[in-house]
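[1] Generate a structure from the sequence data that follows.
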Amino acid sequence: MSILPFFVREYYVEILIIFLINVILAVSYRLIATTGDWTLCHVILMGAGAYASALMAKYFGWPFFMTAPLAGATVCLVGLGIVYPLLRTVGFGFFITSLAVGEFIRLSWIKFHIPFGGPRGMIDIPEVGIIGPIDFYEAIPYYFMTLAITLVCLFILYRIDRSRIGKAFKSIYEDDILAESIGINVGRYRTFAFVIGSFFAGIAGALLAHRLGAIDPHIFALDEMVYLLVWVIVGGSATFAGPIIGVAVMTLLFEWTRPLLEWRPLFFGIILIGFLIFMPGGLESLIPKFTRLFGNRKAAQAKAEQPGGAEKSVV
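    The predicted structure follows:
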């Protein structure tokens, strides 16, 4: 990942930047999903971060390294504001209510021309610019900045996942009634997961806005949320690596299916349904199978190489 941008065209460097942003988005979504709360408004939270960072940079002239964390904090407050009605529902109800809340926010961006720009969105968003000798307008410097931010985000999310808080999230997913009975405040931990996931979605949105230079409400429409679901379900959500695998595989498929244009959401919807039916554990579920297969082959090979091993196996 560190040397690849030097050997590919700028177009592919831009794809790598979007890939890294999507990794932050998918892994932060997986954090919320570990409590059993599958939401349909995570892309909207990313959009809130994009708008927040763009507004602060455009109207206050603040630099990216100030607006990005502030955008994450702003989205934390947005997440905290919408999580209360969501917590009154569970399962499918949570899923649908999050869709309604997300669409309400997106329609607000369309309705209000000031400050959001209405349906045309915001243009001329200030780029990161030149810091010292580095021009972050260029693709390769922006890629390395995004890579560094992504690694920091993944490290923090991984530490949360492995901490007592992360274990509490998973216990709620396994059995929320049992978790409540052993002293875990289910509502509080579901709120923690949603707000933390919102923060990192906001960071991803800030990175996207300052790279594209223009955003509009249609970038964060429902079909983009479908893509996020596909990444997480195809890769798997049981382990930390699952969403990363999903984003990597589906980014390649996304580029290969670019000629499909308007048929592409249908294509990815079919993939989503197929994995839900035939491989609900995602691609990450294949890793233990290949590990066991490889281990069995090595064991058989070692046994065959022992003196008399081949004769014993024949007998």
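
[2] Give me the residues contacting stretch 231-247.
    Under the criterion Cβ atoms under 8 Å, 6 or more residues apart in numbering, residues 19, 22-23, 26-27, 29-30, 33-34, 157-158, 161, 230, 248-250, 271-272, 275-276, 281-285 lie in contact with stretch 231-247. Every residue, glycine included, has its C-beta placed from N, CA and C.

[3] Among the residues you listed, name the buried ones.
    When burial is judged by neighbour count using 16 or more other Cβ atoms under 10 Å, the buried members of the contacts of stretch 231-247 are 19, 22-23, 26-27, 29-30, 33-34, 157, 161, 230, 249-250, 271-272, 275, 281-284.

[4] who touches residue 282 in this structure?
    Contact criterion Cβ under 8 Å, 6+ apart gives 232, 233, 234, 235, 236, 237, 238, 242, 245, 246, 275 as the residues in contact with residue 282.

[5] Kindly reformat those as JSON lines containing pLDDT, secondary structure and distance to residue 57.
    Conversion of the contacts of residue 282 to JSON lines gives the following (pLDDT from 0 to 100; DSSP: H, G, I helix; E, B strand; the rest coil; distance: Cβ to Cβ, whole Å):
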{"residue": "232", "pLDDT": "94", "secondary structure": "helix", "distance to residue 57": "30"}
{"residue": "233", "pLDDT": "93", "secondary structure": "helix", "distance to residue 57": "34"}
{"residue": "234", "pLDDT": "93", "secondary structure": "helix", "distance to residue 57": "34"}
{"residue": "235", "pLDDT": "93", "secondary structure": "helix", "distance to residue 57": "32"}
{"residue": "236", "pLDDT": "91", "secondary structure": "coil", "distance to residue 57": "36"}
{"residue": "237", "pLDDT": "89", "secondary structure": "coil", "distance to residue 57": "33"}
{"residue": "238", "pLDDT": "87", "secondary structure": "coil", "distance to residue 57": "38"}
{"residue": "242", "pLDDT": "92", "secondary structure": "helix", "distance to residue 57": "34"}
{"residue": "245", "pLDDT": "95", "secondary structure": "helix", "distance to residue 57": "33"}
{"residue": "246", "pLDDT": "94", "secondary structure": "helix", "distance to residue 57": "31"}
{"residue": "275", "pLDDT": "91", "secondary structure": "helix", "distance to residue 57": "39"}
